[in-house]
Each structure stands twice: as structure tokens, then as C-alpha cells.
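Peer 1: build me a structure from this.
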Amino acid sequence: MSGLYMIKKYVLFLVATSLFFACQRDELASPLLVQAEQLMQQHPDSALALLDITRHSIRKSSLDNAIWCLLITEAEDKCHIEQPSDSIINIAVNYFQQYRKSKKYMLSLYYKGCVLENLSQKDSAVAYYKKALKVAYYKPSSANLLLIYSRMGALFASMHLQPEALNAYQNVSWYAAQINDSSSIAHAYINIGRIYTLSHDWDHSEDYYQKAIRIAQQTHNYKALKSALFEVCGLYIHTEKFKSASACIQYLDSIKDISTPFDYAKACLTIGNQYRAVNQYDSAIVYLNKASLSDDPYIRQSAYQSFYYLYEGLNKYKEAIPYNNKYWAYADSVQKRNNKKAVIEIVEKYKSEKLLNETTSLQLKNTRIIITGLVSLLLFSILTAVIIIIYQRRLLLRNKTINRIRQQLAELIQKVENNENTIQNNKIIIAQQAALLQQQKNNQEGTTPQKSNLEQINQELEQANRKLKEMIRDKTRMLSAKDEKLIAIQRIADEIKAHPNILVRLKQEGKHLTSDEEWEELLETTDRMYRNFSKRLLLAYPSLTRNDINLCCLIKQGYDAEKMSELLSITEESLTKRKQRLKKRLNRDRKWENGELESLINTF
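Peer 2: Numbering: from 1, shown residues only. From the prediction side, this is the model:
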């Protein structure tokens, strides 16, 4: 019984192991999520491409799916791609809700607010930003709080809620100072200056722009420096401080060598329009001319339009008309460029979808191959275990039969011993009676019947003993035969445990058949499975060689050409030639069609 129990445990172990590995096929996924998260800050476009390609293959568990939804929303937000709905980020929010104090729950709420803001649901976006703030304060992180307050400030500003926007940007500057993020401090001061400008608080506005300029100068942050200079220049023009505005413009000219041509031209366009707005037409013309020299068609188009409005405002229609014509010419060029860009985007999207479909198809194919291999391994393992269990049961039944026969034999031996004791006792009685007959001749007639009865009883007992001895010999022969069969079955079971079936080994190890012992084992296995297949085949076709018989056994077992070449350690071309020689030995005059050899072997 203990052997049967161990076999059952072995079967359960094999099943559990196979199922475990079957469930692990797409662990080709979680490292990709980690890689995408690492790329997110510096290269969000690369992270987006990685997440988009793995859209279907990576989302297996609930956790992986939630992380993927969070990361794809974050990547699209950083790449300025608007989502059509909040359905994807809702998956992350609903999953991470069970971890209410975690960073990922905070980020899920934050990006839910970003999506709602892009969908123009600004009040709902504010509510989710506040929820994200609440979670962020459980484990205060200046970087996280800085992120949320920056987005809230921009949203409040777009809603014309100056006090709330001002408070948000002041928090941004404070948390940026905690982590020594000078760039964020400078941009926070610029945004505070803009809020004061909207409130017509010119002094505070100028003060914060100047603070931003000083920080940008100290840290050589030219992007923030140019932004602050643009803003303060506009402020000076609006308040008619043209001398200060001119100084800012000269400063911008002095740093234009480290600025991209697009940024400088855009700045000239902005400054030119600001001068035009306060009727400083001469200065406006100077900067609009600089903007019109830009290589960017959009800026040149805007510059020509500004020239048209400028000369129209001066009632100089003769000068205005050429700029109007140039504006419409560039408008057509820009439209064509936009159309071409749209076509390129469509082509790229098609290529991306095609690549995604091919990748998905390949992954599905690989998955089917893995599952097929695992199922085959599982079936072979179960088959081996079933064979062992059957042999174990046969052993148990034979043990029970042998024990029963031994018990019967012991009873028969005991009965024979009792009969022999009775016979001995009767012989003693007969001898005593014979002696008594010699002494008592007068009682001869009375003792003769008793003697006859005893002799008859002895004869019957001797006859019964002979039958019992014959039964004992039969039972002994039967017991010996059972012992021999039991020993043979036990040897087979031990052999199966120690050496798995050759078919199972070939499936698991994928080895070559090189030794004669392995070929002999394969022939014996095939004969057991298919009623002495090799012996019947050799009897029907005596001209077949040993190599021909081996090849026929491989065909009978259902191996394809690639597997047979591997087992025989030959090329597929050599295998084809060996099959041709086999066909000639089977029937030299027959014209063999493709597949007829395999059909003959499989139906033989």
C-alpha cells in the first residue's frame, strides 16, 4: 500500500508541476513594465512605443494590467497625446484603490485628473487632484507634491481662479526649494508672475519675473531665462516701459546663439506683436522682420499676418496687400505640409499596427507550441504513472492470491498431519488387536469385525491422504508459478521506475539513438504496443535490413522527418534516400506516391 501511495503522490506532483510551468509562459512580461517605467522620465516616447507594442502580451495578471494602464496613461500625457476617455486609467484607479496609501494609487488619481482635464471636465479634474494630494500627504514626497501642485496651478489659471492658482504655484516653489530643484523654482516664479499680471499687480509680477531671471542666470538655465525675459519684456511693453523692454530684448539678442532658431524667431514674433498692440509700429516692424526670416513656415505665416494688420491699422493698404498675399500663400503651404504630415502619421500607424499584429501572431504561435509541449509531457508523465499503478495493483492482487494459497496449503498440510496421526493410532490399535487375537482365540469371532472396520478406515484415510498430497503438489506448483510471475512483474515495475520508457526519455531529453541497447528497447516497446510489429514485418518482408526495421519503427511511432533525422543523426536528405531504399525492398516494381510508405507502415 505504501508503494501505491508514493505513486499517487508522484502523479500529483507531475500534474502540479506541469500546470505550474504552463501558467508561466508569459513571464516574458513584467520586466518590460519595469523597463518602461525606467524609460518614462527621460524618454517617454520610447516608453510609449514599448507599452504599445506589448499591449496584448503583457496584460496577463490583474496587477500587470493595472500597472500597464497607469504607465500608458502617463506616457501619453508626457507625449501630449489626449485619451478619448478615462476607461483605461479607471482600471488602475480601481485596482490600486485597495492600496490607499501607495504611490501608484496617488499616481492613478493624478493621471485620472489629467485625463479629465483634457476632456474639459475641469471640476472633476480638480476633485481628483485633491484626492491625489490627500494620498501624497500620507508619505510626503516633495517631488510628488510638486507634480500635483504644478498641474493644479495651470488648471486654476485656465479657469481664471487666480487666488487658487497663486496658492498652488507658491506651494510648487516651496516644495521645489525642499529638493533644490532650481528649474522648478524658476518656472514657479514665472507662473506666479503671470498670475499677478492677470490680476494687474504689475509690481509683484515684475518682482517674481526678476527672481526667476536671477535663479536662471545662476544655474545657467537658458530655457527658464528666456521664458522669464519674454514675460517681463511683455510686461514692460504693456506698462510702456520701453527702455526696460529694449534692455530685455538686447539681453535676449545676446543669448540667441545658445537658443534654437525657432525659439528666437518665436520670441521676435511675440515681441513684435506686443509693440504693435501698444502702437509702437517702428519697433514692431523691426521684430516682425526678424520673425519673417524664420525657417519655420508657421512663424513666417503669422509674421506676414501681423504685418498685414499693422499696415491696415496705419491705413497703408498698398503695403498691406502683398503681406496678405504672402500670408495666404504660406497658409496653402502649411495646409499641404499638414496633409503630408497626416499621411505620414497614417502610414506610420499602419506600420505600427502591422508590426503589432505580427508580434501578437508570433507570440500566439509560440504559446501554442509551449502549451502543446507541456500537454504532451503531461500526458507522457500520466501514462508512465498509470502503467506503474497498474503493475502495482497487479502485484497487490498476486500477493493476496499467494497468501490465500499459502493459507490453504497450511490447512491442507495440517489436515494431512492429522490424518497421518490417525493412521498411526489405528496401526497401533491393529497391532494391539492382533496380539489380543493370538491370546484370545475364543473371542476371534468378536474381534474380526473390529479389525475389518479399522482396516477399511485406514484405507479410506490413506486414499484421502493421497488426494491431499496431490492437491498439495498442485498448489505448490501453482504457488511457484505465481512467485515466478510476481518476481517478473516486480522486476518490470522496478525497471520502469529506474528507467522510464524509451519514448518518454526521447520526448523529455530529445537525445539521439546511438546505442544498440536503445534501438533494442525501442523495438521491444513498439512490439509490445503493436502486436510484435517488427517480427511480423520481417516475416512478411525477409529482405529488410536491421536499419530498415529501425526506420519502420520510427515511422510507426509517428515521428516526423525532422525528428527522425535528429534521432538517426542524419540529414533529411539522407533520410529521404534511406526511405527510397526501403521502398525498393518492400516492392521494387511499385510506383510509390507521396505518403504511401507511411500509410503502409501505419496500417500494417
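
Peer 1: give me the contact list for the host helix or strand of Tyr251.
Peer 2: In the assignment (DSSP states H and E), Tyr251 maps to helix 242-254. Here helix 242-254 makes contact (Cβ atoms under 8 Å, 6 or more residues apart in numbering) with 226, 229-230, 232-233, 236-237, 264, 267, 271, 280, 283, 287. C-beta: built from backbone N, CA, C; applies to glycine.

Peer 1: adding distance to Asn419 and secondary structure, write those residues out as JSON lines.
Peer 2: As requested, the contacts of helix 242-254 are exported to JSON lines (distance: Cβ to Cβ, whole Å; DSSP: H, G, I helix; E, B strand; the rest coil):
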{"residue": "Lys226", "distance to Asn419": "126", "secondary structure": "helix"}
{"residue": "Leu229", "distance to Asn419": "130", "secondary structure": "helix"}
{"residue": "Phe230", "distance to Asn419": "128", "secondary structure": "helix"}
{"residue": "Val232", "distance to Asn419": "132", "secondary structure": "helix"}
{"residue": "Cys233", "distance to Asn419": "134", "secondary structure": "helix"}
{"residue": "Tyr236", "distance to Asn419": "138", "secondary structure": "helix"}
{"residue": "Ile237", "distance to Asn419": "138", "secondary structure": "helix"}
{"residue": "Tyr264", "distance to Asn419": "129", "secondary structure": "helix"}
{"residue": "Ala267", "distance to Asn419": "130", "secondary structure": "helix"}
{"residue": "Ile271", "distance to Asn419": "135", "secondary structure": "helix"}
{"residue": "Gln280", "distance to Asn419": "144", "secondary structure": "coil"}
{"residue": "Ser283", "distance to Asn419": "143", "secondary structure": "helix"}
{"residue": "Tyr287", "distance to Asn419": "137", "secondary structure": "helix"}
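
Peer 1: what is the nearest of those to Ser205?
Peer 2: Val232 (8.4 Å; Cβ to Cβ).

Peer 1: can you pull the contacts of the closest one?
Peer 2: Residues in contact with Val232 (Cβ under 8 Å, 6+ apart) are 193, 206, 209-210, 213, 244, 248.

Peer 1: let me see the domain layout of the chain.
Peer 2: Domain ranges of the chain: 395-498, 502-603, per automatic domain parsing.

Peer 1: between the two ends of the shortest one, how far is it?
Peer 2: Domain 502-603 has its terminal residues 23 Å apart, counting by Cα to Cα, to the nearest Å.

Peer 1: what stretches of the stretch 51-200 of the chain score poorly on pLDDT?
Peer 2: Along the stretch 51-200 of the chain, segments meeting pLDDT under 70 span 56-60.

Peer 1: go on, the chain?
Peer 2: 1-30, 56-60, 256-264, 333-360, 363, 440-451, 481-501, 507-512.

Peer 1: name the single longest helix found in it.
Peer 2: helix 317-439 (DSSP state H).

Peer 1: which helices and strands does that helix pack with?
Peer 2: Judged by 3 or more Cβ pairs under 8 Å, 6 or more residues apart in numbering; DSSP states H and E, helix 317-439 is in contact with helix 2-22, helix 44-53, helix 297-313, helix 444-498, helix 502-509.

Peer 1: for the second one, which positions count as buried?
Peer 2: Which is helix 44-53. With burial defined by 16 or more other Cβ atoms under 10 Å, the residues of helix 44-53 counted as buried are 44, 47-51, 53.

Peer 1: try the third one
Peer 2: Within helix 297-313, the residues that qualify as buried by neighbour count (16+ other Cβ under 10 Å) are 298-308, 310-311.

Peer 1: so that helix versus helix 317-439, what angle?
Peer 2: Interaxial angle, helix 297-313 versus helix 317-439 (axes from the mean of the first three to the mean of the last three Cα atoms, to 10 degrees): 150 degrees.

Peer 1: can you list contacts of helix 297-313?
Peer 2: Outside helix 297-313, the residues within contact range by Cβ under 8 Å, 6+ apart are 262, 265-266, 269, 272-273, 276, 281, 284-285, 288, 291-292, 294, 317, 319-320, 323-324, 326-327, 330-331, 333-334, 337.

Peer 1: what subset of these is buried?
Peer 2: Neighbour counting by 16+ other Cβ under 10 Å classes 265-266, 269, 272-273, 276, 284-285, 288, 291-292, 294, 320, 323-324, 326-327, 330 among those as buried.

Peer 1: what about the nearest residue to Asn458 once chain neighbours are set aside, how many residues nearby?
Peer 2: Closest residue to Asn458 apart from its sequence neighbours, by Cβ to Cβ, 6 or more residues apart in numbering: Asn426 at 5.1 Å. Look at Asn426: counted by other Cβ atoms under 10 Å, it has 16 neighbours.

Peer 1: relative to Tyr530, how far out is Lys556?
Peer 2: 6 Å (Cβ to Cβ, to the nearest Å).

Peer 1: need the helices for the stretch 51-200 of the chain, in chain order.
Peer 2: For the stretch 51-200 of the chain, the helices defined by DSSP state H, counting those that start in this stretch cover 62-78, 87-96, 103-118, 122-136, 142-158, 162-178, 182-198.

Peer 1: now do the second one and helix 122-136, the angle between them.
Peer 2: Right, helix 87-96. Inter-element angle recorded for helix 87-96 and helix 122-136: 30 degrees (by the same axes, to 10 degrees).

Peer 1: tell me which strands and helices helix 87-96 is in contact with?
Peer 2: Using 3+ Cβ pairs under 8 Å, 6+ apart, the elements in contact with helix 87-96 are helix 62-78, helix 103-118.

Peer 1: mind giving me JSON lines with the buried residues of helix 44-53 and columns for distance to Gln463?
Peer 2: Converted to JSON lines, those look like this (distance: Cβ to Cβ, whole Å):
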{"residue": "Pro44", "distance to Gln463": "107"}
{"residue": "Ala47", "distance to Gln463": "102"}
{"residue": "Leu48", "distance to Gln463": "103"}
{"residue": "Ala49", "distance to Gln463": "102"}
{"residue": "Leu50", "distance to Gln463": "98"}
{"residue": "Leu51", "distance to Gln463": "98"}
{"residue": "Ile53", "distance to Gln463": "96"}
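
Peer 1: from those, pick the one nearest Leu503.
Peer 2: Using Cβ to Cβ, those come closest to Leu503 at Ile53, 40.6 Å.
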